[in-house]
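Student: got a sequence here, can you build the structure:
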Amino acid sequence: HIEYQVYGRGEPAVVLIHGWSCDANYWRAQLDPLKAKYTTITVNLAGHGASAKNRTDWSMANFGEDVAAVVRQVQPQRVVLVGHSMGAVVALEAARRLGDKVAGIIAGVSLKTIGQPPISAAEIEMRLKPFRADFIGRTREFVTTSFFTPDADPAFIRKVAEDMSLAPPEVAIGAMQSMLKLDLAPVVAGIRVPVVAINADRTPTDEARIRKTLPGFRAVILENTGHFLMMEKPQQFNPVLLREIEAMAGNGNG
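Tutor: Alright, predicted model coming up:
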């Protein structure tokens with residue numbers, strides 16, 4: 001069972017895909033402006049929210065199939081896939097399965113590693129070990145120290161860190177392992193639609209390197225924003241999101 005909600009009407013449909021250890025509620029600040037113009041679909045990936053957890057393989061490919069299955073159920077003519085963080089990788093996997101139905105992909109704070117060398121198995125295990133030992137404690141530390149600007153609201157940081165730390169450990173660790181192991185080059189090889197990343201300025205986005213692997217890539221950088229920019233700074237994020245969806249809606253692809 002994959003839980004999803006449909007709001008509004010209009011083409012293309014916009015599919016909102018949450019990130020690692022998050023859920024569809026992380027897109028609340030985008031619903032009103034999107035549903036005023038487009039059919040808007042929020043998805044809880046397997047193991048997240050009220051979606052089923054009866055799975056053992058928490059791969060990006062399986063999450064991509066979750067999204068593709070929802071799109072097939074709703075049956076829009078065309079879709080723009082919008083993924084935050086891990087959700088953008090899931091969007092790429094979903095796009096491979098949906099083919100010409102996809103008009104474009106929008107990533108929120110993601111896809112910066114395309115074109116980088118793969119991470120070694122030893123490095124992946126070193127990163128996962130603290131999460132295996134103390135998932136709640138390590139997740140709260142990881143989220144608190146990695147994702148926010150120095151002037152971020154401490155109450156918001158606490159809320160997100162506590163929320164993400166309550167994810168099922170087997171789902172979260174499995175998803176992180178899958179994401180770290182994934183070679184994005186073959187995933188993006190068949191992507192022929194525009195891919196736009198709305199990224200924070202905290203870490204650089206090497207567009208030239210990424211375009212060597214994904215020629216249709218472009219980045220929009222929002223200043224003084226953190227990892228959850230769509231929640232913290234919707235007044236900056238939403239106009240860019242709407243502009244990019246509008247451009248994809250009229251680009252003739254799909």
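Student: give me the number of residues near Ser146?
Tutor: 10 (other C-beta atoms under 10 Å). Yep, even glycine has a C-beta here, placed from its N, CA and C like the rest.
Student: surely it and His227 touch.
Tutor: Yes - if you go by C-beta atoms under 8 Å, Ser146 and His227 touch, sitting 7.3 Å apart.
Student: list residues touching both of these two?
Tutor: Overlap of the contact sets of Ser146 and His227 (by C-beta atoms under 8 Å, 6 or more residues apart in numbering) is empty.
Student: residues of stretch 118-134 that come out buried?
Tutor: 124, 128, 131 (16 or more other C-beta atoms under 10 Å).
Student: from those, which land in helices?
Tutor: Among the buried residues of stretch 118-134, the members falling in helices (DSSP state H) are 124, 128, 131.
Student: let me know the closest of the residues you listed to Pro168.
Tutor: The closest of those to Pro168 turns out to be Phe131 (C-beta to C-beta; 12.2 Å).
Student: so that closest one makes contact with Ile173?
Tutor: Yes - using C-beta under 8 Å, Phe131 is in contact with Ile173, at 5.4 Å.
Student: would you map the helices across the stretch 101-250 of the chain?
Tutor: Applying DSSP state H, counting those that start in this stretch to the stretch 101-250 of the chain gives helices spanning 121-133, 135-146, 154-165, 169-181, 184-188, 207-213, 229-232, 234-249.
Student: rounded mean pLDDT for stretch 42-58, please.
Tutor: When pLDDT is averaged along stretch 42-58, the result is 94.
Student: how distant is it from the center of its chain?
Tutor: In terms of C-alpha atoms, centre = their mean, to the nearest Å, the centre of stretch 42-58 is found 15 Å from the chain centre.
Student: how about stretch 103-114?
Tutor: Computed by C-alpha atoms, centre = their mean, the chain-centroid distance of stretch 103-114 equals 8 Å.
Student: between the two ends of it, how far is it?
Tutor: Length of stretch 103-114, first residue to last, C-alpha to C-alpha, to the nearest Å: 21 Å.
Student: low pLDDT regions in this protein?
Tutor: The chain contains residues with pLDDT under 70 at 251-254.
Student: right, and Phe148 touches Arg158 too?
Tutor: No - assessed by C-beta under 8 Å, Phe148 is found out of contact with Arg158, at 10.6 Å.
Student: looking at these two, which is more packed in?
Tutor: Neighbour count, other C-beta under 10 Å: between Phe148 and Arg158, Phe148 has more, with 22 against 13.
Student: which one is that one nearest to, not counting chain neighbours?
Tutor: Excluding its sequence neighbours, the residue lying closest to Phe148 (C-beta to C-beta, 6 or more residues apart in numbering) is Gly226, at 4.4 Å.
Student: the helix or strand containing Val80 packs against which elements?
Tutor: Here Val80, judged by DSSP states H and E, is contained in strand 79-84. Judged by 3 or more C-beta pairs under 8 Å, 6 or more residues apart in numbering; DSSP states H and E, the packing partners of strand 79-84 are strand 13-17, helix 86-98, strand 102-108, helix 234-249.
Student: most tightly packed of those?
Tutor: strand 13-17 (a mean of 29; mean count of other C-beta atoms under 10 Å).
Student: now the very next helix or strand once past it and strand 13-17, what's the angle there?
Tutor: Sequence order places helix 28-35 as the next helix or strand after strand 13-17, per DSSP H and E. Calculated by axes from the mean of the first three to the mean of the last three C-alpha atoms, to 10 degrees, helix 28-35 forms an angle of 170 degrees with strand 13-17.
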